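Novice: fold the following.
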Amino acid sequence: MFQDNPLLAQLKKQIQETLPKKEGNIKATDRGFGFLETDNKESFFIPPNYMKNVMHGDRVVAVIRTEKEREVAEPQELVEQFMTRFIGRVKLIRDRLNVVPDHPQLKDAIKARAIKGLNPELLKEGDWVVANLTRHPLVGDNKTFFCEIKEKITDSNDKIAPWWVTLARHELPNAEPAPQDSWSMLDEELERQDLTDLPFITIDGESTKDMDDALYTVAKDDGSYEITIAIADPTSYIAVGDKMDDEARQRGFTIYLPGRNIPMLPRELSDELCSLIEDEKRPAICCRVTINADGVIQDDITFFAAWIKSQARLAYDKVSDLIEHGQCEDWAPNAVIAEQINALHGFANARSEWRANNAVVFPDRPDYRFELSEDNDVVAIHTDPRRTANRMIEEAMITANICAGRVLQEKFGMGVFNYHNGFNPEKLDAAMDFLKNAEAPFEKEELTSLEGFSALRRWLNAQETTYLDNRLRKFQAYSEVGNKPAPHYAMGLDVYATWTSPIRKYGDMINHRLLKAVISGTEPTQTPDDSVGEEIATHRRHHRMAERDVSDWLYVRLLKDAVKDETVFTAEVFDINRAGMRVRLLENGAAAFIPAPLILDNKQRIECNNDLGIVNIDKVKEYQLGDSFEVKLTEVRSVTRQLVAKPLKEFPAPVVEGESTAQPSEEKA
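Specialist: Below is the predicted model of the structure:
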């Protein structure tokens, strides 16, 4: 009516100008209405008719008025649009294109058209697409949402959708770099030692093709070990700034998703020319160092270029069986390889013990591995524990990265360094409050030093429960990457620079080029700039989100019958907020949410305390971070890829003081 009558529209505008205004973010609900939440924690109701002009996540300015004796917000001005590019599914309404965004809080279809060059006839109901929001009701004279379909991802019923949709969502490539016609090694004027006669070994997963590390270990009579760590050398084929180098930098990492990986480098490099394949001569960058009997890294760190030839391609499980049980049923190494395995095992034990006593060792957690059918359906999830052979390789790689950090720090004062600052300074006082309540033997000043923080981490590892450990992590800084050396508090190390996965990580390629400059005594062909840390962190964040998104999708597929079957799982609490608990199902690694009403449907009796990481029932602590207990799934939400669970434990109504709990027959007696 106001739009049709200019005088009334002008009157409305004048009235609105006299009303108070608030800026905040839109929070949608399942029932059509929403809320405006301001930065100072105010919340204003938005009726359904006003919600049609905004979407969840928009930042807006709204006028605040009273309607039907209730204060409500009417959005007037768009400050920041929640969504521009988005993933959605085609919905045909009266044969006209619409797109429903793939987001748990966005359920309304948006009118759409296909961009020029994309045939709309190819778009069917439910197809996955990439779209751009081109019109917003609060901008301009058009009072509706509208979008353009930019790209079709895949068909509605394609079982490969979890991978393709997720990669499109995070704007990640869905294939490895295009192959080249041929590859030739660069003329780097780098003298390579011939170590092809030494019995280097590789230990990897059964299906691994991109083998980037090989080891040669000598156990000495005095109890010390000399270890040579050989790492594949893709920078011997890729020059700084060439097309392949630029693409590797743009990708940042090999993408590891459940059931498939997308290499950072072309497969003929990562899986063939650079992979340290058994009995194949390969270029490598090597680090040789002595570890004394107490596990201390000595000062004789030497980096050099070499030719090596792996003499045994070993698998984690078989080597672990051999060490843990004295034999492997279907495999036995020859004497030379057995000697290498034993020496590497001794080295790893020495280093592991040193780190456990002087640095930080993380508790072992299993890896969860999806088994897929040929048509990309989930067959099963396998739990792969961290075994002896995994720890042997881990200790060798950590040693190699410590050595690289020390050398790069000494020679150049720069490189690609991993670091961790311990506690967030703004949260240190809160962390100390927790520690004092737990009677932890630490003072505030101690925890700002590497030695003190490491001692705290070791103390936490020795506690009977993981509650304190889980709670204190919320006060810690995040691990970071930068171009200047700095301590890694979370690992308890004074310096750490990774270079052991150059096939899979571009930052490791940069460190390879710096190490080659150390070896040759020349100026580096590449140095890391100030933006390298942020660049690597962004890649890593997108990859982790993609891995989580695909996993959630596959878990929903796998567990679709768990509600009907009333399957019982063991769950571990990893987060508690006002709405409930987030848990990990230990049988398969899936994350599930337990809403507070499914713990106890009585708001007066239950309190989910985010600050303390506990759940109280009748003011008594019943759950805390790190607790494990049995649950059943109550919902498997395929559209939003979410699992909802409830504990098996029930809480009866409290007994009112003075009320008898005896049965009638007992009272009569």
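Novice: wouldn't residue 52 be in contact with residue 137 here?
Specialist: Yes. At 7.2 Å, residue 52 counts as touching residue 137 under the criterion of CB atoms under 8 Å. Any C-beta I mention is one placed from the backbone N, CA and C, and that applies to glycine too.
Novice: let me know the pLDDT of residue 41.
Specialist: Residue 41 is assigned a predicted lDDT (pLDDT) of 89.
Novice: could you do residue 374 as well?
Specialist: In this prediction residue 374 is given a pLDDT of 89.
Novice: next one: residue 182
Specialist: 89.
Novice: count of neighbours near it?
Specialist: 6 (other CB atoms under 10 Å).
Novice: the spatially most central residue of the chain and residue 172, how far apart?
Specialist: Nearest to the geometric centre of the chain sits residue 544, at 3.4 Å (CA atoms, centre = their mean). According to CB to CB, to the nearest Å, residue 544 stands 12 Å off from residue 172.
Novice: repeat that for residue 417.
Specialist: 25 Å.
Novice: now do residue 82
Specialist: 22 Å.
Novice: what ranges of the chain fall below the confidence cut-off?
Specialist: Applying pLDDT under 70 to the chain flags residues 1-18, 655-669.
Novice: the closest residue to residue 267 other than its chain neighbours: what's it in contact with?
Specialist: Distances taken as CB to CB, 6 or more residues apart in numbering put residue 176 closest to residue 267, at 5.5 Å, once the chain neighbours are dropped. Counting by CB atoms under 8 Å, 6 or more residues apart in numbering, residue 176 makes contact with 262, 263, 265, 266, 267, 270.
Novice: quick one: the third one and residue 505, what's the gap?
Specialist: This means residue 265. Residue 265 is 11 Å from residue 505, by CB to CB.
Novice: between the two, who's got more neighbours?
Specialist: Neighbour totals were compared for residue 265 and residue 505, and residue 265 leads with 26 against 23 (other CB under 10 Å).
Novice: element containing that one?
Specialist: Here residue 265, judged by DSSP states H and E, is contained in no helix and no strand.
Novice: what distance do you get for it to residue 653?
Specialist: 63 Å.
Novice: ok, residue 493 - contacts?
Specialist: Residue 493 touches 359, 402, 405, 487, counting by CB under 8 Å, 6+ apart.
Novice: out of those, grab the one that's most surrounded.
Specialist: residue 405 (26 neighbours).
Novice: enumerate every residue touching the nearest residue to residue 158 once chain neighbours are set aside.
Specialist: Counting by CB to CB, 6+ apart, residue 164 is the residue found nearest to residue 158 once chain neighbours are left out, at 7.5 Å. The contact partners of residue 164, by CB under 8 Å, 6+ apart, come to 128, 153, 154, 158, 174.
Novice: list buried residues within the residues you listed.
Specialist: Buried subset of the contacts of residue 164 (neighbour count, 16 or more other CB atoms under 10 Å): 128, 153, 154, 158.
Novice: strands - which of these land there?
Specialist: Among the buried ones among the contacts of residue 164, the ones falling in strands (DSSP state E) are 128, 153, 154.
Novice: show me what contacts the first one?
Specialist: This means residue 128. Contacts of residue 128 (CB under 8 Å, 6+ apart): 87-89, 102, 152-156, 158, 161, 164-165, 168.
Novice: for the residue nearest to residue 158, give me phi and psi.
Specialist: phi -70, psi -40 (degrees, to the nearest 10).
Novice: likewise the one 5 residues further on?
Specialist: Residue 169 adopts backbone torsions of phi -60, psi -40, taken as degrees, to the nearest 10.
Novice: now do the longest helix along the chain: which elements does it pack against?
Specialist: Secondary structure of the chain read by DSSP state H shows that its longest helix is helix 532-558. Packed against helix 532-558 by the contact rule (3 or more CB pairs under 8 Å, 6 or more residues apart in numbering; DSSP states H and E) you find helix 161-169, strand 255-257, strand 378-384, strand 480-482, helix 506-520, strand 642-647.
Novice: which elements pack onto the third one?
Specialist: Just to be clear, that refers to strand 378-384. Strand 378-384 packs on strand 367-372, helix 532-558, going by 3+ CB pairs under 8 Å, 6+ apart.
Novice: what's the next secondary structure element after the last one?
Specialist: Which is helix 532-558. helix 562-565.
Novice: how far does the very next helix or strand once past that following helix sit from the chain's center?
Specialist: Per DSSP H and E, helix 562-565 leads on to strand 568-577 as the next helix or strand towards the C-terminus. Put simply, strand 568-577 sits 18 Å off its chain's centre (CA atoms, centre = their mean, to the nearest Å).
Novice: direction included, what does strand 568-577 pair up with?
Specialist: strand 580-585 (antiparallel), strand 628-637 (antiparallel) (DSSP bridges).
Novice: quick check: longest strand of this structure.
Specialist: strand 302-315.
Novice: return the set of buried residues in it.
Specialist: Neighbour-count burial for strand 302-315 [16+ other CB under 10 Å]: 303, 304, 305, 306, 308, 309, 310, 311, 312, 313, 314, 315.
Novice: okay if I get the residues you listed as TSV plus distance to residue 181?
Specialist: As requested, these are arranged in TSV below (distance: CB to CB, whole Å):
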residue	distance to residue 181
303	33
304	32
305	27
306	28
308	27
309	27
310	27
311	32
312	33
313	29
314	34
315	34
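Novice: neighbouring contacts of stretch 198-209?
Specialist: 211, 213-216, 228, 230, 267, 270-271, 275-276, 278, 308-317, 319, 336-337, 340-341, 344, 389, 392-393.
Novice: what residues are up against residue 370?
Specialist: Counting by CB under 8 Å, 6+ apart, residue 370 has contacts 258, 259, 378, 380, 381, 551, 554.
Novice: now the residues you listed as TSV including neighbour count?
Specialist: Listed next are the contacts of residue 370 as TSV, based on neighbours: other CB atoms under 10 Å:
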residue	neighbour count
258	21
259	17
378	21
380	11
381	20
551	23
554	23
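Novice: among those, give me the pair with the biggest separation.
Specialist: Pairwise distances among the contacts of residue 370 were taken by CB to CB; the largest, 14.2 Å, belongs to 380 and 551.
Novice: quick check, distance from stretch 500-511 to the centre of its chain.
Specialist: With CA atoms, centre = their mean, you get 19 Å for stretch 500-511.
Novice: what is the end-to-end distance of that stretch?
Specialist: Using CA to CA, to the nearest Å, the end-to-end distance of stretch 500-511 comes out at 9 Å.
Novice: and what of stretch 565-585?
Specialist: End-to-end distance (CA to CA), stretch 565-585: 16 Å.
Novice: count of neighbours near residue 142?
Specialist: 11.
Novice: how about residue 556?
Specialist: 20.
Novice: contacting residues around it?
Specialist: Residue 556 touches 636, 637, 638, 641, 642, 643, counting by CB under 8 Å, 6+ apart.
Novice: now the two most distant members of those residues.
Specialist: Among the contacts of residue 556, 638 and 643 lie farthest apart (CB to CB), at 10.4 Å.
Novice: ok, which stretches of the stretch 1-150 of the chain are strands?
Specialist: Secondary structure of the stretch 1-150 of the chain by DSSP state E, counting those that start in this stretch: the strands cover 21-28, 34-38, 43-46, 59-67, 70-80, 85-93, 96-101, 110-114, 128-135, 146-154.
Novice: what's the closest of those strands to residue 498?
Specialist: Using CB to CB, the strands of the stretch 1-150 of the chain put strand 85-93 closest to residue 498, at 32.4 Å.
Novice: surely residue 88 meets residue 132?
Specialist: No. Counting by CB under 8 Å, residue 88 stays clear of residue 132, with 10.8 Å between them.
Novice: who's more crowded, the two?
Specialist: residue 88 (25 against 15).
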